[in-house]
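> Generate coordinates for the sequence data below:
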Amino acid sequence: VHLQNAHALVDLCPGIFDDEYRQFYIKQGHDPTNVQYLKVSLLPKLANPSNAPDICVELAEHVYSAAEPKLSRLAVRAMTRIACRNVGGSGCEQSVALRLVEWLDSTVDHICSEAATALVNLVRRHPQLKEIIAPPLPRALKYNVKEPSGKASLIYLLGECGTDEAPYALEKVIDSYDTEDSAVVRMALLTATVRLFFQRPPEVQHMLGRLLAKVTDDVSNQDLHDRGLFYYRLLSSGGPEVESVARAAVKAAPPPSDLFAEEDDAALRKELMKEFNTLSILYGKPSVNFIASKYQIPYVQLPTEHPLPPGAEDTGVMVPPPNPAPAPGAVLAAPVAAAPVDTAPVADAGDMVDLLGFGGDAAPAAAPVAPSTSLSLKSPVTMSGDEYQATWEAIPDADATVTAIPLSTMPTLQWMEQTLASVSIFTMASGELPTELKFYHYCCSGDVFYLIQSNITKGEEPLLIVTCKSQGVEKEALMEYMKSSLT
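Sure thing, here's the model as predicted:
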């Protein structure tokens, strides 16, 4: 849980944990598998020019020593991410590229396959690395890489780099087209051969014709068939204009960017930070995707400016007249005396009922004790809208107390105001919206005012969300007092 939250915090505040990067190293024999995955994925986000070499060495150790292929793949991707994001300083991308090229000769299938996939991303971000990457590609395609994803990556790189040996390496794959079952490999082969045709037309022309004939007759994958037909018609139309358009379309370079389009999830991360420290961070998706609407607690953000501007009038909001201050010399009604509490004597130990059930009369049930509170709310009290707004804005949101109170039935505006007024919690304003009821209350204990904003969500199970602001220290007691009054 903490690591998932750390991921979200690093995205929000880059550099916050850079000095503590060693704390996120894997502890062999202690960390469970899921924690290892999270740590390896987090390390690239902590990389900077001073610690990137240490992090890359740590990640490289897990490529071969990892007990599970998934951890090994994650380590390769993490190293590549450091190089692609340009956070490792000068020479970092060359060092990572050399390490990935070395892993192409590995005898472990998932390592050489993942290294080939990583090299694709590295070339997309740093095209100048083609000279380092190109030489071992034909050998790796012929002897080492067996997984379809890695094989497709090597074929893409051969078409991208366009070395002298690339046409001959691809020709062998074209000859074995009928025995290749992976649609991913066939699609990469078609794209790479067309790209290579514009770099080496004499060597590729005949092999491209054979490939297009096979692809257009292939009905196992509709996308592959349609793309092959498109390339065939584009190339057979002829003309210098068509050739220039085709060359630009096939060899178009993506615009430079520190992030690939598939990694640009800024909108999702912004949405998840609204539900920080919840299951949304663990699942990586907003709560609306895994919680039914009737069970959701709406996220209510405290307004930066209280919605009671001076002199504002809203026909949809009921503002009751303020309680008038008592006139000088007026006699106030005496407070209602509390009901006397029955103080029956406690039975002696000899009269106690046998709790083990060996006989005797049933013990009388104890009378329920009414909720007690140390609050002493004044009544009546008055407060203007300007005073309410100024007091609310003067108290920071971090000092507010928020609580949720489930209600058995959906109340009305009038019932809420009258019920709370009977316990000296008065309403400044209230109103009904399509999905909720809104209230703005206030009360006074001693010389301290307590301001309350409450929302009641409409539905089969109404829920009251209460936000209280005050300079006083009895906000929690006031919340309990309000809850006991409404339920």
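
> buried residues in whatever helix or strand residue 206 lives in?
Assigned by DSSP states H and E, residue 206 falls within helix 201-216. By 16 or more other Cβ atoms under 10 Å, the buried positions in helix 201-216 come out as 203-204, 207-208, 211-212, 214-216. (Each C-beta comes from the backbone N, C-alpha and C, glycine too.)

> Show me what it is in contact with.
Here helix 201-216 makes contact (Cβ atoms under 8 Å, 6 or more residues apart in numbering) with 167, 170-171, 174, 177-178, 186, 189-190, 193-194, 196-197, 224-225, 227-229, 231-232.

> and the residue nearest the centre of the chain, what does it touch?
The residue lying closest to the centre of the chain (Cα atoms, centre = their mean) is residue 272, at 3.7 Å. Contact analysis of residue 272 by Cβ under 8 Å, 6+ apart lists 8, 280-281, 284-286.

> go again using 10 Å as the cut-off
Contacts for residue 272 (Cβ atoms under 10 Å, 6 or more residues apart in numbering) come out as 7-8, 11-12, 265, 278, 280-281, 283-287.

> Going through those, which ones are buried?
Looks like the contacts of residue 272 have 7-8, 280-281, 286-287 buried, using 16+ other Cβ under 10 Å.

> Tell me the one of these nearest residue 75?
residue 7 (16.8 Å; Cβ to Cβ).

> circling back: what mean pLDDT would you report for whichever helix or strand comes after the helix holding residue 206?
Next helix or strand after helix 201-216 toward the C-terminus (DSSP H and E): helix 222-236. The average pLDDT within helix 222-236 is 90.

> about what we covered before: which of the buried ones among the contacts of residue 272 fall in helices?
Among the buried ones among the contacts of residue 272, the members found in helices (DSSP state H) are 7-8, 280-281.

> May I see those residues organised as a markdown table, with distance to residue 47 and pLDDT added?
Shown next, in a markdown table, are those (distance: Cβ to Cβ, whole Å; pLDDT from 0 to 100):
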| residue | distance to residue 47 | pLDDT |
| --- | --- | --- |
| 7 | 14 | 83 |
| 8 | 18 | 82 |
| 280 | 26 | 82 |
| 281 | 22 | 83 |
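
> Out of those residues, which is nearest to residue 404?
For those, the nearest to residue 404 is residue 280 (17.4 Å; Cβ to Cβ).

> and the gap between that closest one and residue 26?
To residue 26, residue 280 is 26 Å away according to Cβ to Cβ, to the nearest Å.

> Residue 139 too?
From residue 139 to residue 26 the distance is 33 Å (Cβ to Cβ).

> Looking at these two, which one has more neighbours?
residue 26 (21 against 13; other Cβ atoms under 10 Å).

> now that one, what's its secondary structure?
Here residue 26 is recorded as coil under DSSP: H, G, I helix; E, B strand; the rest coil.

> before we move on, which element is the residue nearest to residue 184 when sequence neighbours are not counted in?
Of all residues beyond its chain neighbours, the one nearest residue 184 is residue 152 (4.7 Å), with distances taken as Cβ to Cβ, 6 or more residues apart in numbering. Using DSSP H and E, residue 152 falls within helix 148-161.

> from the middle of its chain, how far away would that helix be?
33 Å (Cα atoms, centre = their mean, to the nearest Å).

> nearest to residue 31, of the contacts of residue 272?
For the contacts of residue 272, the residue nearest residue 31 by Cβ to Cβ is residue 7; the value is 15.9 Å.

> so what's the residue nearest to that closest one when sequence neighbours are not counted up against?
The shortest distance from residue 7 to any non-neighbouring residue, by Cβ to Cβ, 6+ apart, is to residue 42 (5.9 Å). Counting by Cβ under 10 Å, 6+ apart, residue 42 makes contact with 3-4, 6-7, 10, 17, 21, 24, 78.

> In the residues you listed, which residue is surrounded by the most others?
Highest neighbour count within the contacts of residue 42, by other Cβ under 10 Å: residue 78, with 25 neighbours.

> list the contacts for that residue?
39-45, 47, 55-56, 58-60, 62-63, 118.

> if you set the cut-off to 6 Å instead, what comes out?
40, 43-44, 59 (Cβ atoms under 6 Å, 6 or more residues apart in numbering).

> Of those, just the buried ones, PyMOL syntax please.
Per 16+ other Cβ under 10 Å, the buried members of these correspond to this PyMOL selection:
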select buried, resi 40+43+44+59
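
> Adding secondary structure, distance to residue 416 and pLDDT, write the contacts of residue 78 out as TSV.
Formatted as TSV, those follow (DSSP: H, G, I helix; E, B strand; the rest coil; distance: Cβ to Cβ, whole Å; pLDDT from 0 to 100):
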residue	secondary structure	distance to residue 416	pLDDT
40	helix	53	93
43	helix	53	93
44	helix	52	92
59	helix	58	93
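
> related to what we said a few turns ago, most widely separated two among the ones in helices among the buried ones among the contacts of residue 272?
7 and 280, at 12.5 Å, using Cβ to Cβ across those.

> ok, for residue 10, nearest residue in space, not its chain neighbours?
Per Cβ to Cβ, 6+ apart, closest to residue 10 is residue 45, 4.6 Å.

> So the one you found is in contact with residue 11, correct?
No. Using Cβ atoms under 6 Å, residue 45 makes no contact with residue 11, being 7.3 Å away.

> what residues do those two have in common as contacts?
Applying Cβ under 6 Å, 6+ apart, one finds that no residue jointly contacts residue 45 and residue 11.

> Mind jotting down where the strands sit in the chain?
Under the criterion DSSP state E, strands of the chain are mapped to 317-318, 401-406, 426-432, 436-445, 448-457, 463-470.

> Can I get the ones you listed in JSON lines including mean neighbour count, distance to residue 382 and mean pLDDT?
Converted to JSON lines, the strands of the chain look like this (neighbours: other Cβ atoms under 10 Å; distance: least, Cβ to Cβ, whole Å; pLDDT from 0 to 100):
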{"stretch": "strand 317-318", "mean neighbour count": "16", "distance to residue 382": "17", "mean pLDDT": "42"}
{"stretch": "strand 401-406", "mean neighbour count": "14", "distance to residue 382": "24", "mean pLDDT": "85"}
{"stretch": "strand 426-432", "mean neighbour count": "19", "distance to residue 382": "9", "mean pLDDT": "87"}
{"stretch": "strand 436-445", "mean neighbour count": "21", "distance to residue 382": "9", "mean pLDDT": "88"}
{"stretch": "strand 448-457", "mean neighbour count": "21", "distance to residue 382": "11", "mean pLDDT": "88"}
{"stretch": "strand 463-470", "mean neighbour count": "21", "distance to residue 382": "17", "mean pLDDT": "86"}
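
> I'm done for today, thanks for sticking with me.
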